[in-house]
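Chemist: sequence and predicted model, in that order:
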Amino acid sequence: MKKIKEFLNKKNQTTTTNRKRVGIIMLFLTIALFLLFTFRLSHIIVTGTVAGTSLNEKTKDLYEVHENLEAKRGSIFDRSGNVLVEDAVSFSLYAILDENYTDLDGKKRYVQEKDWQAIAEIFEKYVKIDKETTLKQLQPSVNEQGEKITNVEFGTNGRNLSFETKNQIEKELEDKQITGIYFKEEKKRNYLTGNFASYFIGFTQQDDKGNQQGVMGIEEAYNDALSGENGSRSYEINSSLGDVKPGSVKETKPVNGEDIYTTLDSNLQFYLEELMDTVAKDYSPEYATATLMEAKTGNILATSQRPSFELDTKNGVNDPNFNWRNILVEDVFEPGSTMKSMLIASAIEEHKFDENERFRSGSIQIDDAKINDWNSGQGAGDMTFRQGLAWSSNVGMVQLQQRMPELWQDYLVKFGFGQSTNFGLSGEASGEIQNRTTVDQAMTAYGQGISVTNLQMLQAYSAIANGGNMLKPNIISKTVSADGKETITEPEVTGTPISSETANKVLEYMKDVTTDPEFGKGHEYAIDGLNVSAKTGTAEFFENGSYQKQEYLHSVVTITPTEDPKYIFYMTLKKPVLQGVSANDIISGVSNKLVQRAMVELE
């Protein structure tokens, strides 16, 4: 037992031995932790990531600044270079309510309660914000999260302020030593005209990112070209000094948007808008459209519709009768007798027409349908086919159509009906040619059973006015890029459906509409000193499953002067209130005045 105890005592750890052993253990643990730390640090240095997060990216977030360099949106001009639409600077009011908002000298830079009443009076004076609204905004309040609101704005009246208004407010605030009111600079689209081809020009609205997006018209169709390309600037901040780190600036310059020059003549456009205002006020049509186009180029000089709206104020947009459609481009309708000129042109071209050949007006039977002349089938006795155009006989036109039923359908396509003119604005309609039955085909001879657009009618009549060459209607004269490169829009011939000889003949026959004392049904369109070729139309329109009796779409096309056409005018008038006047009286009050002014101003 004694030997055993001696052995066990030798094995027992002494204090010194324990300390050594603990020291050895701690040394190994320290070495292991150092190696682990070294490995981890090496991994971070080599990969540049911690837990999958890039340290470089985090550093950039802390010390790299990114700025968006906004491109200037292009301007829109008339044909003479007068600005119609441009980017401008505006200002918005806001107030700082945070009592901690002081400068380095401890001077208060927030709105103080003692100044509330004076601020309310200034706002009412310069931006028409009522005092109660201002005082309510300046009252201390909290948001939905219960946090104190430290800055406030002042609604619609406090936005889009001019530089002059800003200066006036700032001066009065300074005179009264009022602090805490500030202005935020913003870009806005400045429309320099009121009701001015509004649907063709269009307007912009801000998207969720604050960028201007075209809503309709040229602003929408040419949005990308007008917008240009935004640039950017980035740089690193020196963390120790807080200034820009040398050599860190990277910049991509913005490319400003293209300027667009329209074909519109401002003087004629303003005059047309005045004339259309009178029509809308005095005769309350469901809608009205009017366009004046150059015969030799297809360039639109003036165009308007009612209902419409003010480009600058947007007055009319909230009207319950406001129509978001560009009727001139997007709507289709049955044109009525203005289609007869194309029927005559086709018949002449196919040698199916003899101007002296006579027919019996009144009515004609086509299969199971009876087609009447416009005076309830009474007619006007015997007349020549030339007189039939002037008198606008449905019977005469149907007889000519019956001589070339298939060819007439082909000519409708040649004249561009049933297909888009590719005018360039969004939503352009194509229309439709009804040709399922013999009756359908016969009806197209006098403009029923076929749907067209204003642009298609202008295009088709350009062939008659321009020696057989059909021109695409156009509203853009040129675009100019930010570096000054011009792209000119040249007249575009879209077809030659008839010969020059045929075109001249039709012009002569259309002149009978204004001059023939017996058969002419458009004497209202005669202009002293000028030969005017014209064709009127009165069409029933199809609504609610049937043609509306005693409700009409009235229209006219005039080409002036007959011997050397310069202008094509086309107007439609749906359901006007006729009180002691005819539709021709109303339309001629627009067409004659506008054409006469064009002949004087543009010659």
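Modeler: Arrived safely.
Chemist: which residues of the chain score low on pLDDT?
Modeler: For the chain, the stretches flagged by pLDDT under 70 are 1-18, 39-41, 43-63, 238-245, 544-550.
Chemist: chain center to the helix or strand harbouring E185: distance?
Modeler: Element membership of E185 [criterion: DSSP states H and E] is strand 181-191. Put simply, strand 181-191 sits 22 Å off its chain's centre (Cα atoms, centre = their mean, to the nearest Å).
Chemist: over to stretch 478-494?
Modeler: Distance, centroid of stretch 478-494 to centroid of chain: 19 Å (Cα atoms, centre = their mean).
Chemist: which residues touch L161?
Modeler: 90-93, 127, 169, 183 (Cβ atoms under 8 Å, 6 or more residues apart in numbering). Yep, even glycine has a C-beta here, placed from its N, CA and C like the rest.
Chemist: which residues are contacting the strand holding E185?
Modeler: In contact with strand 181-191 (Cβ under 8 Å, 6+ apart) are residues 70, 73, 84-96, 111, 119, 159-161, 166, 169-170, 173, 201, 203-204, 212, 311-312.
Chemist: now the helices: where do they sit in the stretch 301-450 of the chain?
Modeler: Along the stretch 301-450 of the chain, the segments classed as helices by DSSP state H, counting those that start in this stretch run 327-330, 340-349, 385-391, 394-402, 405-414, 438-443.
Chemist: rebuild those as TSV, extending it with mean neighbour count.
Modeler: Output for the helices of the stretch 301-450 of the chain, formatted as TSV (neighbours: other Cβ atoms under 10 Å):
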stretch	mean neighbour count
helix 327-330	23
helix 340-349	25
helix 385-391	24
helix 394-402	24
helix 405-414	17
helix 438-443	19
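Chemist: which one of the ones you listed lies closest to D367?
Modeler: helix 438-443 (5.3 Å; Cβ to Cβ).
Chemist: other SSEs contacting the closest one?
Modeler: Packing partners of helix 438-443 (3 or more Cβ pairs under 8 Å, 6 or more residues apart in numbering; DSSP states H and E): strand 363-366, strand 369-372, helix 394-402, helix 405-414.
Chemist: for F519, give its distance to G447.
Modeler: Plainly put, F519 is 19 Å away from G447 if you go by Cβ to Cβ, to the nearest Å.
Chemist: also T538?
Modeler: 10 Å.
Chemist: with neighbour numbers in mind, choose between those two.
Modeler: More crowded of T538 and G447, by other Cβ atoms under 10 Å: G447, with 27 against 18.
Chemist: with adjacent residues omitted, what lies nearest to the more buried one?
Modeler: M339 (3.4 Å; Cβ to Cβ, 6 or more residues apart in numbering).
Chemist: mind listing what that neighbour touches?
Modeler: When contacts are counted by Cβ under 8 Å, 6+ apart, M339 touches 444-447, 450, 452, 537.
Chemist: then M26?
Modeler: Counting by Cβ under 8 Å, 6+ apart, M26 has no contacts.
Chemist: please, which helix or strand holds it?
Modeler: helix 15-47.
Chemist: tally up the residues packed near the nearest residue to Y222 once chain neighbours are set aside, please.
Modeler: Leaving aside its chain neighbours, Y222 sits nearest to I260 (5.9 Å; criterion: Cβ to Cβ, 6+ apart). By other Cβ under 10 Å, 24 other residues sit near I260.
Chemist: confirm that I260 sits in a strand.
Modeler: Yes. Under DSSP: H, G, I helix; E, B strand; the rest coil, I260 falls within a strand.
Chemist: beta partners for it?
Modeler: I76, T479 (DSSP bridges).
Chemist: quick check: it touching G74?
Modeler: Yes. Using Cβ atoms under 8 Å, I260 makes contact with G74 at a distance of 6.2 Å.
Chemist: give me the common contacts of those two.
Modeler: 225-226.
Chemist: skip the chain neighbours and tell me the closest residue to G217.
Modeler: Using Cβ to Cβ, 6+ apart, the closest residue to G217 is G202 (2.6 Å).
Chemist: for the one you found, the count of nearby residues, please.
Modeler: With other Cβ under 10 Å as criterion, G202 counts 24.
Chemist: that one contacts Q212, correct?
Modeler: No. G202 is not in contact with Q212 according to Cβ under 8 Å; the separation is 11.5 Å.
Chemist: contacting residues for Q434?
Modeler: 440-441, 443-444, 449-450 are the contacts of Q434 under Cβ under 8 Å, 6+ apart.
Chemist: at 6 Å instead, please
Modeler: By Cβ atoms under 6 Å, 6 or more residues apart in numbering, Q434 lies in contact with 440, 449.
Chemist: same question, E220
Modeler: 202, 214, 426 are the contacts of E220 under Cβ under 6 Å, 6+ apart.
Chemist: now it, what's its secondary structure?
Modeler: The three-state assignment at E220 reads helix, by three-state DSSP.
Chemist: which residue packs closest to it, ignoring adjacent ones?
Modeler: For E220, the closest residue by Cβ to Cβ, 6+ apart turns out to be G214, at 3.6 Å.
Chemist: now F542
Modeler: Nearest to F542 is E334, by Cβ to Cβ, 6+ apart, at 7.0 Å.
Chemist: hmm, back to that, ok, the residue nearest to E220 to V317 distance?
Modeler: According to Cβ to Cβ, G214 stands 15 Å off from V317.
Chemist: which of those two has more neighbours?
Modeler: G214 (22 against 12).
Chemist: hey, where'd the helices end up in the stretch 451-600 of the chain?
Modeler: With helices called from DSSP H, counting those that start in this stretch, the stretch 451-600 of the chain shows them at 454-465, 500-515, 583-601.
Chemist: please save the CA atoms from the first one in CSV.
Modeler: Provided in CSV are the C-alpha atoms of helix 454-465 (Å, rounded to 0.1, in the frame of the first residue of the first chain):
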residue,chain,number,x,y,z
ASN,A,454,-60.2,62.7,-92.2
LEU,A,455,-56.7,62.0,-93.1
GLN,A,456,-57.7,59.4,-95.8
MET,A,457,-60.1,62.0,-97.3
LEU,A,458,-57.4,64.6,-97.5
GLN,A,459,-55.0,62.1,-99.0
ALA,A,460,-57.5,60.9,-101.6
TYR,A,461,-58.4,64.5,-102.7
SER,A,462,-54.7,65.4,-103.0
ALA,A,463,-54.6,63.1,-106.1
ILE,A,464,-57.3,65.2,-107.7
ALA,A,465,-55.6,68.5,-106.7
